[in-house]
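Novice: Here is my input, please return the structure:
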Amino acid sequence: MSQIDPTGVENAGEEALLESSSRMSYEEVSGLSNGELGLGEPHDTAPTGALPEAPPIPHVAPAPIPTFPIPPIPLPIKKAVSGCYAGALGAFQVELRVDVDRSRPMKRVSGDFYHTVGKTTSYFGSFVVDSPVVTVSSSKVVVKGMGRYTFAAGAPVVQVTIPRVNILQPQAAATLQFFTVTNSPGASYHCPFSSLHFRTVRIETDSVSDLTTTPFASYNTGSLPSGGSARNMSVVSAFGEAGIGMVPTAGNNVINISEAQANATWSNAELHASMQTHFTLWSDVQQWCVWQLVAQQHDYGTGLYGIMFDQQGKQRQGCAVFHAGIGGATAEQQRLQLYTYVHELGHCFNLLHSWQKSLASPPKPDRPDALSWMNYPWYYPKGGPAGFWSSFDFRFDDEELIHLRHGFRNDVIMGGNNFIVGSSLGRDVLADPISDPLARDTMREFR
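Specialist: Numbering: from 1, shown residues only. As a prediction, this is how the structure comes out:
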């Protein structure tokens, strides 16, 4: 039996035609000039013997109206093409991510395939083109290169063509075309534009009744010295800058502290049970949904900022932050809250600490000097916390952006690959402590 293949040559005849988008034409206006006003015809003289008529009033030409050149109207700026596109061909659907312009382009394209049998649609596989050739003309952007796949692709060469449109037009659709290594055409997908975000995740943030400080809302990154521009930043906008849409749900439950049992501090098992009870979107399946709990204190003590606790069933669906170590209203505390909230959610996307990338499977080089949400300020080798915060631009590093935007779906999606299996991590790296000595103690204790 031949394996079904969304890139395959057998689909080449089913190409969906790309609708030709009407293009608005603009003419350059060089300016107008007024014609000169001429003199009237001369009057006849009076006949001989007749009383002379009063001399005619001479015609005086009015002063010329000054003219000013009208500057040419510039052609509108072309739209960037990066974002998410979606298309279908037969029983296959594809989510296509194009990342060649806009903010911090990673110069890649990637996609996820879904397959429908009867009334059931299931994830089929993913691809990414790591080093495409990007060709930009006045009329289109073409991205082409060899893809990496989670399945055996019969036509592994990927080409994406997107017409360039001006800012007054809707975003044009993309044509996703596959080719064999001998350049025979495979399947072709017509993919209308769907979102500026490469991926979209629904997030629910719940809190616990014993909180002594207010849950984090936003922080002005110009309040203290940093390595980037000043802007008001929330958890949603932090991920938005990374190209990930975080859509808050209508959850916002307040959980009674009694669920943490008599000691009124949280264990990982208690956090997981609370997630199952209160996370309105929870299900033991793969889905782009995540839960974050704002609590007062973990069993590990006040030195624990946060934890990605979810290692039961489908993993990486929930994390918690603890205000016993980060709560408060000062600029330093607000900055630390923003960092901790985003950091723990980063673990839910299967991101490792910057200084532990070598523990991934497959391993990658450690990046202890990364100016990233996933680093520890107290581990920063270029001046510790002061050096980190004065240089940090409140963002993920490039390798992490590539993972978030273009990682194979199961490596990224909540409930996908297990945190331990996919990243080779144990409990020792889940706890995010408050200081360097405590970090070492915590890691020794929970190895």
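
Novice: residues in contact with Ala238?
Specialist: Leu338, Val342, Trp373, Phe394, Arg395 (CB atoms under 8 Å, 6 or more residues apart in numbering). Where C-beta positions appear, they are placed from N, C-alpha and C, glycine not excepted.

Novice: any chance of those residues in CSV, with secondary structure, distance to Phe279 and neighbour count too?
Specialist: Formatted as CSV, the contacts of Ala238 follow (DSSP: H, G, I helix; E, B strand; the rest coil; distance: CB to CB, whole Å; neighbours: other CB atoms under 10 Å):
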residue, secondary structure, distance to Phe279, neighbour count
Leu338, helix, 22, 23
Val342, helix, 19, 24
Trp373, coil, 23, 25
Phe394, coil, 27, 23
Arg395, coil, 27, 20
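
Novice: got JSON lines for those residues, with distance to Lys382 too?
Specialist: Below are the contacts of Ala238 laid out as JSON lines (distance: CB to CB, whole Å):
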{"residue": "Leu338", "distance to Lys382": "21"}
{"residue": "Val342", "distance to Lys382": "21"}
{"residue": "Trp373", "distance to Lys382": "17"}
{"residue": "Phe394", "distance to Lys382": "17"}
{"residue": "Arg395", "distance to Lys382": "17"}
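
Novice: Show me which of those residues is closest to Gln177.
Specialist: For the contacts of Ala238, the closest approach to Gln177 (CB to CB) belongs to Arg395, at 33.3 Å.

Novice: Correct me if wrong: the closest one contacts Ala370.
Specialist: No. Contact criterion CB atoms under 8 Å: Arg395 and Ala370 do not qualify, at 10.4 Å.

Novice: Next, please give the residue ranges for the helices of this structure.
Specialist: 235-241, 268-278, 323-326, 331-348, 384-391, 398-406, 409-412, 419-423, 436-445 (DSSP state H).

Novice: Tell me the bridge partners for the residue nearest to Lys144 when sequence neighbours are not counted.
Specialist: Among residues not flanking Lys144 along the chain, Gln159 sits closest, at 4.3 Å (CB to CB, 6 or more residues apart in numbering). Counting by DSSP bridges, Gln159 is bridged to Lys144, Gln177.

Novice: Sort out which one of the contacts of Ala238 lies nearest Gly154 for me.
Specialist: Looking across these and measuring by CB to CB, the closest to Gly154 is Arg395, at 38.5 Å.

Novice: How about the contacts made by the closest one?
Specialist: Neighbour list for Arg395: Arg104, Gly228, Ala238, Glu241, Ala242, Leu371, Ser372, Trp373 [criterion: CB under 8 Å, 6+ apart].

Novice: Please check the residues you listed and keep the buried ones.
Specialist: Among the contacts of Arg395, those classed as buried by 16 or more other CB atoms under 10 Å are Ala238, Glu241, Ala242, Leu371, Ser372, Trp373.

Novice: Tally up the residues packed near Phe349, please.
Specialist: Residues near Phe349, counting by other CB atoms under 10 Å, number 25.

Novice: doesn't His403 make contact with it?
Specialist: Yes. Phe349 is in contact with His403 according to CB under 8 Å; the separation is 7.3 Å.

Novice: who touches both of those two?
Specialist: Counting by CB under 8 Å, 6+ apart, the common neighbours of Phe349 and His403 are Val412.

Novice: circling back: closest to Ser131 out of the buried ones among the contacts of Arg395?
Specialist: For these, the nearest to Ser131 is Ala242 (21.3 Å; CB to CB).

Novice: quick one: contacts for that closest one?
Specialist: Arg395, Phe396, Leu401, Leu404, Arg405.

Novice: What is the nearest of these to Gly118?
Specialist: Gly118 lies nearest to Arg405 out of those, by CB to CB, at 32.1 Å.

Novice: Quick check: that closest one touching Phe239?
Specialist: No. With contacts counted by CB under 8 Å, Arg405 stays clear of Phe239, the gap being 11.2 Å.

Novice: neighbours of Ser184, just the number please.
Specialist: Ser184: 13 neighbours (other CB under 10 Å).

Novice: can I assume it is in contact with Ala155?
Specialist: Yes. Using CB under 8 Å, Ser184 makes contact with Ala155 at a distance of 7.4 Å.

Novice: This completes my enquiry, with thanks.
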